[in-house]
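**Student:** test case, fold it:
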Amino acid sequence: MNQHIKVIIPAYNEQDSIANVINDIPKEVDEVIVISNNSTDKTEENAQKAGATVLSEPRKGYGYACLKGMEYIANQKKQPTIIVFLDGDYSDYPEQLTEIIEPIINDNIDFVIGARVEGLREKGAMTPQQIFGNWLATKLMSLFFKATFTDLGPFRAIKYDKLIALEMEDKTYGWTVEMQLKALKQKMSYKEIPVKYRNRIGVSKVSGTIKGSILAGVKILTWIFKYSFK
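**Tutor:** Prediction:
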């Protein structure tokens, strides 16, 4: 594989799952970067033991963690060709990374999302509010942009130069939808790959709470309407 691939994993108190995630990532990956997002457990220690580069981002927010990982990569001498984003809760199947990056390598696609399709999801792996939120967000993107997205799945890969061109800025819940909207605006090529999805280890900090679900929903809709009327 003549690609230089790095994986960014935001993690907040994922001590029981993070080593599983890291250990299941294919060995072709050059570096796994775990960003501890103000974790108070052994997330950092367990990630280091599993062989990851561990960074600390005390400001809470998924976007803050992802931006920290990107800042770290930007300061390296050798830049990657592909960046993969993956959650640290072991709900995704990291071994499917090879399927996620395949369209980029073989078909020159810019951006690939792992779509958590119903037939491959464990029962209960996505909450009703997640399912509805994904449906609403992707329907609105279809309406406003003729997009064919079906999911806002966190397991995704993108060419590094295209990621930089997006000028990502969201600090919290809107990171995934911001990336998709900006990719649409910049007319990047994209594709979805169906992926398996299981019940996460531990409790979700977003969809597992009413407050988190509401805040995430508001942020997602804000991004969509912001870009729809630009």
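**Student:** how much space between residue 89 and residue 67?
**Tutor:** 20 Å (CB to CB, to the nearest Å). For the C-beta atoms, the positions are set from N, CA and C on the backbone; glycine is no exception.
**Student:** now residue 180
**Tutor:** Counting by CB to CB - residue 180 and residue 67 are separated by 17 Å.
**Student:** please say which of these two ends up with more neighbours.
**Tutor:** residue 180 (28 against 21; other CB atoms under 10 Å).
**Student:** my guess is the more buried one contacts residue 152. True?
**Tutor:** Yes. Look at residue 180 against residue 152 with CB atoms under 8 Å: they come within range, at 6.9 Å.
**Student:** which neighbours do these two share?
**Tutor:** residue 113 (CB atoms under 8 Å, 6 or more residues apart in numbering).
**Student:** now stretch 28-43: buried residues?
**Tutor:** Across stretch 28-43, burial judged by 16 or more other CB atoms under 10 Å covers 29, 31-37, 39, 42-43.
**Student:** those: which two are farthest apart?
**Tutor:** 29 and 42 (23.0 Å; CB to CB).
**Student:** how about the residue most central in space within the chain, phi and psi?
**Tutor:** Per CA atoms, centre = their mean, the C-alpha nearest to the average position across the chain is that of residue 154, at 3.0 Å. Torsion angles at residue 154 (phi, psi; degrees, to the nearest 10) stand at phi -80, psi -20.
**Student:** who are the contact partners of it?
**Tutor:** 85-87, 92, 176.
**Student:** next one: residue 115
**Tutor:** 150-151, 153, 192-195 are the contacts of residue 115 under CB under 8 Å, 6+ apart.
**Student:** what's across from it in the sheet?
**Tutor:** residue 194 (DSSP bridges).
**Student:** now do it, the pLDDT please.
**Tutor:** In this model, residue 115 is scored at 97, pLDDT.
**Student:** that one and residue 181, how far apart?
**Tutor:** Residue 115 is 17 Å from residue 181, by CB to CB.
**Student:** thought residue 26 was touching residue 97?
**Tutor:** Yes. Counting by CB under 8 Å, residue 97 is a contact partner of residue 26 at 5.4 Å.
**Student:** these two - which one has more neighbours?
**Tutor:** More neighbours surround residue 97 than the other of residue 26 and residue 97, with 24 against 14 (other CB under 10 Å).
**Student:** alright, I will stop here.
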